[in-house]
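Peer 1: make a model of this:
(2 chains)
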Amino acid sequence: MMEDVLSIERLSKRFPPNIVALADANISVRKGEVHCLLGANGAGKSTFLKLIAGALSPSGGEMRVDGRKVSFRAPAEAATAGISMIYQELDLVPQLTVAENLFLGHPPQRFGFLDKRTRRNRAKEALARVGATFSPEDRVGSLSIANQQLTAIARSLTRDAKVIIMDEPSAALNETELKAVFRVIRELTAQGVAILYVSHRLGELREIGDRVTVLRGGQTIETFDVAGTPDSALVEAILGRNRTLVERRPRPPVTGDVVLKVDRLTAAQGLDIRDFELRRGEISGLTGLNGSGRTSFLKALFGAEVSEAKMSLNGRPYRPKAPRDAIRAGLGLVPENRKTEGLILDAPIYRNATLPAMQGNFLARHGELKAKTVPVLRQLSTKYGAPEQKVIQLSGGNQQKVVLAKWIIKGASLLLLDEPSRGLDIGAKADLYRLVEELAANGAAVIVASSELEELYAACDTIWVFHEGRNIARFDPATTDQDTILKHQILGEHHHD
Amino acid sequence: MTDTVTGAPPMQRSGRRLIDLAIEYNFIFIFLVVVAIAAILSPNFMTPTNIANLFQQAAVVGVVAIGMTFVILTGNIDLSVGSVVALCGMLVAVLLAGGMPILPAIAITILTGAAAGATIGLITALAEVPSFIVSLAGLVSFRGVTYLLTDGVPVSGLPPSFGAISSTMIPLFPGAQISSMGLIFIVLCIAAGALLRFTVFGESVYATGGNAEAARLSGLPTKRILVLVFTVSGIMSALGGILLTSRLRIGQPTAAQGLELDAIAAVVLGGTSLFGGRGGVLGTFFAVMLLQVLRNIFNLLGLGSFYQMTVTGLIIVAAILLNRFIDIRRGRA
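Peer 2: Numbering: from 1, shown residues only, chains lettered A, B, ... in the order given. Sure thing, here's the model as predicted:
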């Protein structure tokens, strides 16, 4: 009973030139256990899973399945070896039936022809094992997310999976649906299948997990028995004991008037924000795990996502139906993904930078547009050749400055920055936050959403913790240490300074 | 050799900039090469009469291709233009034959073309349906309406002064003249180029095609822009229909079949990206003329249309491959 079905030693993955996504990962998954994998954003979980599932090839280390050494060059090889991955965004084809999905890539054949009868029968067997109440002939697209999840699990069974990896299955499920999935997991483990279960939520882990391995900074830290380990020990393993504490720069006290007041804002996927306030000159940080609703909140404020809201801007009711309305009201959004949402990569720098500012005019006077762009780029110490240069030729940090320049040129007084430092090196990050502080000092109000708490901690006047679509806690970083904030992030406890 | 501009010492910069420009405007070079070959192959090619003919013959496709350039710059396509040309060509003929004065007849026709384009744009933008299928429906329906106007019978008996719109010869300088139709094409090219280059609307067209989401998040009215580019395409098709009927002196319901493909070929050959955001009217102008020169040279050499079609297709493929190759070299692929 206690034999290892999957054992991994010293697994690592480097991306040239010098990014180490996974430094040293060790794990042993026993037959019939639910083994949880826990780690903060950027701990290396996705890389680790992709290596196990054959979607990436390792730079070093050893993997054994049932004691035999394996190295996968493609996901199909991992599947053949008995390792099956269920991605968070289920990779099912919605237009096909359940049976067709179950045997996608390995359909039963007879004399080279598709054997539909065998497929139907084997699909029924697999569905029975996961306790499905729907038919193999149903279209996957017509099923609920929970039933799609069961379909994905059943598909692993048709491959005779020994280890099923589930990447945050709970993200899209409600309580009842999750219970159903847990019941199936227990039945499967009783039959000897091992589950590698990834989740941010300690509550789930308590309910379903046998053992848990914690990943931090690209290394597996320790494996615990779930039953005998208190939350505090797990949180400590996730956060690390000797964390380098970031120096907070002194911030002037926030004395400006309230600019934005959100009584309540609700939107899709359970976003429900209450009593959010922002003052002139204030830098407010939003922290939280992936999917905690930071991005949706900013997009809803900017009118880029549909929401129901009761809020006011500078004392007047504020109800943006489109980004245009928000921009007219003085907002500016630096979106999460500058390449797909922030910039027109093939267009010159100055055209990108003046795009919001030129709206409403008839003529595009290129000389004037360049003259508006150049001083702002200089103020942001942007490195570039000429304003006519295409933004695609700039480095990430300088591209981000062009996005920021759009709103400075437009004269936005409420800036929404979504993961503004993503992909920037340390120097560029420091630059960015220096600029944000300058903008705030000149009277702008700023909301920064980031998964890097250190950054927010160093630069913000207020830090909000978002958890599953709600703003559950507010801290003053001047009087709170980072670990307290991180614990709230993971455990979802309420707090208001 | 153009992929490391930023790291180059200043001495090489201007040279590289020249190469960059040459690559950006490669269609002009291709055009000049084809013209040179044509001039060598046939002594009749470089005569003033033949050149004037080139512009006259290119005008209808050319005017339609200008509108198509706007649509393709936003990453969309308008397959209805051939049918709109026929519809508007017939409509103006019917109105004139019914005794309406020329100016109101033209005005009504242009409004009809604008409405046809705006309808396709509205459905595309508001229902978020691919323009390919919406305009394909337009291609079929507008042709049907064209036949319904006269039950498929051509309309003749148009006032002679209407023919003057297309065929008045205008002297450019001693020994060279151009038909009014060719001149209208050139003037519209310049106007469209200026609209794209010097107005916020033009900037918005490029921005929407380059990255619709970034454009929306920058506060651009992206849906309105889509409706407008299809309206421009409809207006240009109406003008194409008016010029065609004026030149033929007859309203012909079967006219302009497959014209949409000639227009699309010209726009793409002129370097406008089917994905949107890159290109312009200058390229479309040269591509329209290039295709016309090809047709012309085959006629002068006495080779039939079968050769023309074959070689035209090959040239389009060669030009597209060249642009693709350039893109890959620049690391944009």
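
Peer 1: quick one: the residue positioned nearest the centre of chain B from chain A, how far?
Peer 2: Nearest to the geometric centre of chain B sits B:Ala65, at 1.0 Å (C-alpha atoms, centre = their mean). Distance of B:Ala65 to chain A, given as C-beta to the nearest C-beta, to the nearest Å: 22 Å. Glycine gets a C-beta too; all of them are placed from N, C-alpha and C.

Peer 1: quick check: that residue is in a strand.
Peer 2: No - counting by DSSP: H, G, I helix; E, B strand; the rest coil, B:Ala65 falls outside a strand, being helix.

Peer 1: could you pull up the residues touching it?
Peer 2: B:Asp262, B:Ala263, B:Ala266, B:Val267, B:Thr284, B:Ala287, B:Val288 (C-beta atoms under 8 Å, 6 or more residues apart in numbering or on different chains).

Peer 1: any idea how far B:Ile315 is from the third one?
Peer 2: With the distance defined as C-beta to C-beta, to the nearest Å, B:Ala266 ends up 12 Å from B:Ile315.

Peer 1: the two: which is more packed in?
Peer 2: Neighbour tally, B:Ala266 and B:Ile315, criterion other C-beta atoms under 10 Å in any protein chain shown: the higher count belongs to B:Ala266, 29 against 17.

Peer 1: ramachandran angles for A:Arg264?
Peer 2: Note on A:Arg264: its backbone torsions stand at phi -160, psi 140 [degrees, to the nearest 10].

Peer 1: cool, A:Leu38 as well?
Peer 2: phi -130, psi 140.

Peer 1: assign a three-state SS to the nearest residue to it once chain neighbours are set aside, would you?
Peer 2: Leaving out its chain neighbours, the residue that sits closest to A:Leu38 by C-beta to C-beta, 6 or more residues apart in numbering or on different chains is A:Val214, at 5.0 Å. Recorded secondary structure, A:Val214: strand (three-state DSSP).

Peer 1: for A:Ala357, same thing?
Peer 2: Criterion first, three-state DSSP; result for A:Ala357: helix.

Peer 1: follow-up on the earlier one: what is the nearest of the contacts of B:Ala65 to A:Glu388?
Peer 2: B:Thr284 (22.4 Å; C-beta to C-beta).

Peer 1: which ones are touching the closest one?
Peer 2: Applying C-beta under 8 Å, 6+ apart to B:Thr284 gives the contacts B:Gly62, B:Ala65, B:Ile66, B:Met68, B:Thr69, B:Cys189, B:Ala266, B:Val267, B:Gly270, B:Thr272.

Peer 1: from the stretch 151-300 of chain A, which residue is nearest to chain B?
Peer 2: A:Lys299 (8.8 Å; C-beta to the nearest C-beta).

Peer 1: who in the stretch 101-250 of chain B is up against chain A?
Peer 2: When proximity is defined by C-beta under 8 Å from any C-beta of the partner chain, the stretch 101-250 of chain B lies next to chain A at B:197-204, B:206-207, B:210-211, B:213-221.

Peer 1: ok, of those, which come out buried?
Peer 2: Buried members of these, scored by 16 or more other C-beta atoms under 10 Å in any protein chain shown, are B:199-204, B:206-207, B:210-211, B:214-221.

Peer 1: for residue 272, give me phi and psi.
Peer 2: Since you didn't name a chain, this refers to chain A. Dihedral angles (degrees, to the nearest 10) for A:Asp272: phi -150, psi 90.

Peer 1: sorry, should have said chain B
Peer 2: Torsion angles at B:Thr272 (phi, psi; degrees, to the nearest 10) stand at phi -80, psi 130.

Peer 1: got the residue ranges for the strands in the stretch 151-300 of chain A?
Peer 2: For the stretch 151-300 of chain A, applying DSSP state E, counting those that start in this stretch gives strands covering A:163-167, A:194-198, A:211-216, A:219-225, A:258-267, A:271-279, A:283-288.

Peer 1: which of the residues in the fourth one are classified as buried?
Peer 2: Residues of strand A:219-225 classed as buried by neighbour count (16+ other C-beta under 10 Å): A:Gln219, A:Thr220, A:Ile221, A:Phe224.

Peer 1: surely the third one meets A:Leu234?
Peer 2: The one in question is A:Ile221. No - contact criterion C-beta atoms under 8 Å: A:Ile221 and A:Leu234 do not qualify, at 10.1 Å.

Peer 1: intersection of neighbour lists for the two?
Peer 2: Listed contacts common to A:Ile221 and A:Leu234 are A:Val214; contacts here mean C-beta under 8 Å, 6+ apart.

Peer 1: still on that earlier bit, Throw the contacts of B:Thr284 into CSV and include pLDDT, thanks.
Peer 2: Listed next are the contacts of B:Thr284 as CSV, based on pLDDT from 0 to 100:
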residue, pLDDT
B:Gly62, 98
B:Ala65, 98
B:Ile66, 98
B:Met68, 98
B:Thr69, 98
B:Cys189, 98
B:Ala266, 94
B:Val267, 95
B:Gly270, 90
B:Thr272, 91
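
Peer 1: tell me the average confidence for stretch A:121-133?
Peer 2: Here stretch A:121-133 scores 89 as its mean pLDDT.

Peer 1: which residues of chain B score low on pLDDT?
Peer 2: Residue ranges of chain B with pLDDT under 70: B:1-14, B:330-333.

Peer 1: which residues in it form strands?
Peer 2: Assigned by DSSP state E, the strands in chain B fall at B:169-173, B:176-179.

Peer 1: again with the stretch 301-450 of chain A
Peer 2: Going by DSSP E, counting those that start in this stretch, the stretch 301-450 of chain A shows strands at A:307-313, A:316-317, A:331-334, A:414-418, A:445-449.

Peer 1: so which of those strands gets nearest chain B?
Peer 2: strand A:331-334 (6.0 Å).

Peer 1: narrow the residues of the stretch 101-250 of chain B next to chain A to those in helices?
Peer 2: Secondary structure from DSSP state H places B:197-198, B:200-204, B:206-207, B:210, B:213-217 of these in helices.

Peer 1: out of these, which is nearest to B:Gly113?
Peer 2: B:Phe201 (18.8 Å).

Peer 1: shouldn't that closest one be in contact with B:Val227?
Peer 2: No - checked against C-beta under 8 Å, the pair B:Phe201 and B:Val227 is beyond contact range at 11.9 Å.

Peer 1: can you give me the buried ones in stretch A:8-19?
Peer 2: In stretch A:8-19, counting by 16+ other C-beta under 10 Å, buried: A:Ile8, A:Leu11, A:Ser12, A:Lys13.

Peer 1: among the residues you listed, which are within reach of chain B?
Peer 2: Within those, nothing lies near chain B by C-beta under 8 Å from any C-beta.

Peer 1: ok, of the residues you listed, which one's closest to chain B?
Peer 2: Using C-beta to the nearest C-beta, the buried residues of stretch A:8-19 come closest to chain B at A:Lys13, 25.4 Å.

Peer 1: now the helices for the stretch 151-300 of chain B?
Peer 2: B:160-167, B:180-198, B:200-210, B:212-217, B:222-248, B:259-269, B:281-301 (DSSP state H, counting those that start in this stretch).

Peer 1: angle of the second one against helix B:281-301?
Peer 2: Between the axes of helix B:180-198 and helix B:281-301, defined by axes from the mean of the first three to the mean of the last three C-alpha atoms, to 10 degrees, the angle is 150 degrees.

Peer 1: list the buried residues in helix B:180-198.
Peer 2: Those would be B:Ser180, B:Met181, B:Gly182, B:Leu183, B:Ile184, B:Phe185, B:Leu188, B:Cys189, B:Ala192, B:Gly193, B:Leu195, B:Leu196, for helix B:180-198 by 16+ other C-beta under 10 Å.

Peer 1: also the first one?
Peer 2: Of the residues in helix B:160-167, those with enough neighbours to count as buried (16+ other C-beta under 10 Å) are B:Phe162, B:Ile165, B:Ser166.

Peer 1: just the CA coordinates of that helix, formatted as PDB?
Peer 2: Output of helix B:160-167 as PDB, limited to C-alpha atoms (Å, rounded to 0.1, in the frame of the first residue of the first chain):
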ATOM      1  CA  PRO B 160     -24.900  62.200 -72.800                       C
ATOM      2  CA  SER B 161     -23.700  64.700 -70.200                       C
ATOM      3  CA  PHE B 162     -23.600  61.800 -67.600                       C
ATOM      4  CA  GLY B 163     -21.000  60.100 -69.800                       C
ATOM      5  CA  ALA B 164     -18.900  63.200 -69.500                       C
ATOM      6  CA  ILE B 165     -18.300  62.400 -65.800                       C
ATOM      7  CA  SER B 166     -16.000  59.600 -66.700                       C
ATOM      8  CA  SER B 167     -14.600  60.400 -70.100                       C
END
